[in-house]
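*Asks:* this is a predicted model, with the sequence first.
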Amino acid sequence: VSLRELSDAEFGGLRDLVHREAGIWLTSAKKALMVGRLARRIRDLGLSSFAEYHRRILEDPGGGELVQLLDLIATNETHFFRDARQFDLLREQVLPAWAEQAVAGLRPRRVRVWSAACSSGEEPYSLAMLLHGALPPSSGWHLEILATDISTRMLERARAAVWPRSREKEIPPELRKQFVMVGTGSQEGMIRIVPEVRSMVRFERLNLSQDSYPFHEPFDLIFCRNVLIYFDPPTKARVVAQLLRHLSDEGLFFLGQSESLAGQSSAVRQVTSSVYRLREPRDPNAGSPA
Ligand SMILES: C[S@@+](CC[C@H](N)C(=O)[O-])C[C@H]1O[C@@H](n2cnc3c(N)ncnc32)[C@H](O)[C@@H]1O
């Protein structure tokens with residue numbers, strides 16, 4: 001049996017499985033992508049067809065192969081300071097306003113951020129560097145960044161925080177000088193984020209299409225960029241509604257630059273393209289998010 005041939009029935013079966021488990025909807029245009037990404041895995045497992053692979057996952061649902069499958073299917077492309085305008089908004093307006101409010105005693109020196117599809121970590125580390133520079137922990141700021149993704153493989157890479165030196169140029173020079181170490185010896189040609197910034201970010205696996213998210217305190221910033229595009233419309237709407245339940249009254253919600261919530265949610269208003277905030281402060285009697 002050739003692993004180059006994926007029948008429509010096999011494709012449909014795996015597509016539905018991925019959809020059920022992760023909310024990711026693969027159109028038939030993604031068939032070639034599925035063959036490309038799964039063939040090697042199937043061969044490594046000593047199996048000889050896509051159908052056999054599908055059966056293996058179903059026979060052992062807790063066995064970890066489902067996680068492997070989702071890892072292989074997800075698109076993980078990302079880079080540091082992706083969509084610079086959003087980081088400019090934070091640097092020029094949002095963070096200085098928070099700093100002023102803190103001086104006036106109008107807000108605690110504490111910021112909670114969630115990068116909700118963090119891939120290999122460039123997004124949460126960009127946020128960590130920016131925040132650390134603007135709201136220094138040495139001035140009493142307590143900065144917490146939660147970074148989650150469905151892909152365990154990406155989370156491992158993110159925790160390591162090592163990249164080839166060619167990626168350095170994505171980081172603004174002043175932040176690079178402060179927060180990026182350049183490897184020598186066996187680490188020649190590599191860069192790594194400094195421990196002080198690494199320790200600001202906590203990585204956890206979280207499937208956005210799951211029923212609820214296990215966080216109790218609201219977030220000041222939620223980044224959910226370039227992931228909703230992979231979901232079918234009902235999943236997308238459910239995920240957005242759930243995420244907004246975890247946004248603080250004054251908090252900001254960020255999508256990828258080509259994404260929008262137009263017609264998706266009446267609970268938000270647009271701050272600037274692909275950035276939103278809640279329209280009304282939440283009803284205080286409604287309690288905190290579950
Ligand atoms: C294209 S990357 C986006 C990375 C980053 N947010 C950015 O904008 O550069 C999409 C990420 O979404 C993750 N993903 C896909 N489905 C997911 C799900 N159901 N729950 C959580 N993460 C998911 C993928 O593993 C991948 O790392």
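*Replies:* Nice, I can see it. Everything quoted here is computed from the prediction, not taken from an experiment. Numbers count the residues shown, from 1 in each chain.
*Asks:* just to be sure, Ile222 is in a strand?
*Replies:* Yes. Per DSSP: H, G, I helix; E, B strand; the rest coil, Ile222 lies within a strand segment.
*Asks:* same question for stretch 261-281, mean pLDDT?
*Replies:* The predicted model gives stretch 261-281 an average pLDDT of 90.
*Asks:* how long is it from one end to the other?
*Replies:* 19 Å (Cα to Cα, to the nearest Å).
*Asks:* and that stretch, is it in reach of the ligand?
*Replies:* No. Applying Cβ under 6 Å from any ligand atom, one finds stretch 261-281 separated from the ligand by no less than 10.8 Å. The C-beta positions use only the backbone N, C-alpha and C, and glycine is treated the same way.
*Asks:* distance between that stretch and the chain's centre?
*Replies:* The chain centre lies 19 Å from the centre of stretch 261-281; the measure is Cα atoms, centre = their mean, to the nearest Å.
*Asks:* do the same with stretch 127-140
*Replies:* Here stretch 127-140 is found 21 Å from its chain centre; the criterion is Cα atoms, centre = their mean.
*Asks:* hey, C-alpha coordinates of it in CSV?
*Replies:* Only the C-alpha atoms of stretch 127-140 are listed here, as CSV (Å, rounded to 0.1, in the frame of the first residue of the first chain):
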residue,chain,number,x,y,z
LEU,A,127,5.3,40.4,25.0
ALA,A,128,7.5,39.5,27.9
MET,A,129,10.4,41.6,26.5
LEU,A,130,8.2,44.5,25.7
LEU,A,131,6.5,44.5,29.2
HIS,A,132,9.7,44.0,31.0
GLY,A,133,11.2,47.0,29.2
ALA,A,134,8.2,49.3,29.8
LEU,A,135,7.0,48.2,33.3
PRO,A,136,10.2,47.0,35.0
PRO,A,137,9.9,44.4,37.7
SER,A,138,12.6,46.4,39.5
SER,A,139,10.0,49.2,39.9
GLY,A,140,7.6,46.7,41.6
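*Asks:* could you list the buried residues of that stretch?
*Replies:* Neighbour counts using 16 or more other Cβ atoms under 10 Å place 127-135 of stretch 127-140 among the buried residues.
*Asks:* out of the residues you listed, which comes closest to the ligand?
*Replies:* Set against the ligand, the nearest of these by Cβ to the nearest ligand atom is Leu127 (10.8 Å).
*Asks:* all set now, cheers.
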